[in-house]
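# Sequence and predicted model, in that order:
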Amino acid sequence: MRKILVPLQLWLKLMYGLKVRGQGRRESGGLLLCKQGESKVSKIVFYDQFDKSVSDSGIIEFKGAVFLFDFLAKENLEILADIHSHPTNNTSQSYSDMQHPIVRIKGHIAIIAPNYAKDFIMFPKHCSAYEFLGELSWRKFTKKENSIQISVF
């Protein structure tokens, strides 16, 4: 089983950041970062920290990879997962999500939060998670499968 461990303070910062950036009317996103080879999130960053126009069209269009990878190298961090919000309770991947992954590395985890992350209380159980299999193929983690565990502690 793959685990992603998120300290409660960082999870709350993540959800608040998505909510504020989306303003209840557009998608927003961020990255869960960790030290090399770990599964505990040590830092949260948002797409707009590296690309100010990322949500201008209403959906995620990230063009800040060069700045992001410079930051990761400087901080000695790696991407554990990405997350972005959707406008409704539907956390299924859209065609755009499937065709334009933020990270195109086999095994990468993408998380989708519902309702532009504006719900008062939102935890990982309210989100969906997907694994990138390469060649624009994805696998959804189901609750029954128990293949991935996103835990807030």
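Right, received. Where do you want to start? Residues are numbered from 1 along each chain as shown.

# Count the residues that sit near Y116.
Residues lying near Y116 (other C-beta atoms under 10 Å) number 21. C-betas here are computed from N, CA, C, even on glycine.

# Please verify my assumption that it contacts V20.
No. Using C-beta atoms under 8 Å, Y116 is not in contact with V20; the gap is 10.2 Å.

# Run through who's touching the longest helix anywhere in the chain.
Longest helix of the chain, by residue count under DSSP state H: helix 8-22. The contact list for helix 8-22 (C-beta atoms under 8 Å, 6 or more residues apart in numbering) reads 6, 28-30, 32, 41, 43-44, 46, 48, 55, 83-85, 113, 116-118, 122-124, 152-153.

# Now do the strands in this protein.
2-6, 29-35, 43-46, 77-85, 109-113, 128-134, 137-140, 148-152 (DSSP state E).

# what would those strands look like in JSON lines with distance to L68?
Formatted as JSON lines, the strands of the chain follow (distance: least, C-beta to C-beta, whole Å):
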{"stretch": "strand 2-6", "distance to L68": "19"}
{"stretch": "strand 29-35", "distance to L68": "8"}
{"stretch": "strand 43-46", "distance to L68": "8"}
{"stretch": "strand 77-85", "distance to L68": "8"}
{"stretch": "strand 109-113", "distance to L68": "15"}
{"stretch": "strand 128-134", "distance to L68": "17"}
{"stretch": "strand 137-140", "distance to L68": "21"}
{"stretch": "strand 148-152", "distance to L68": "22"}
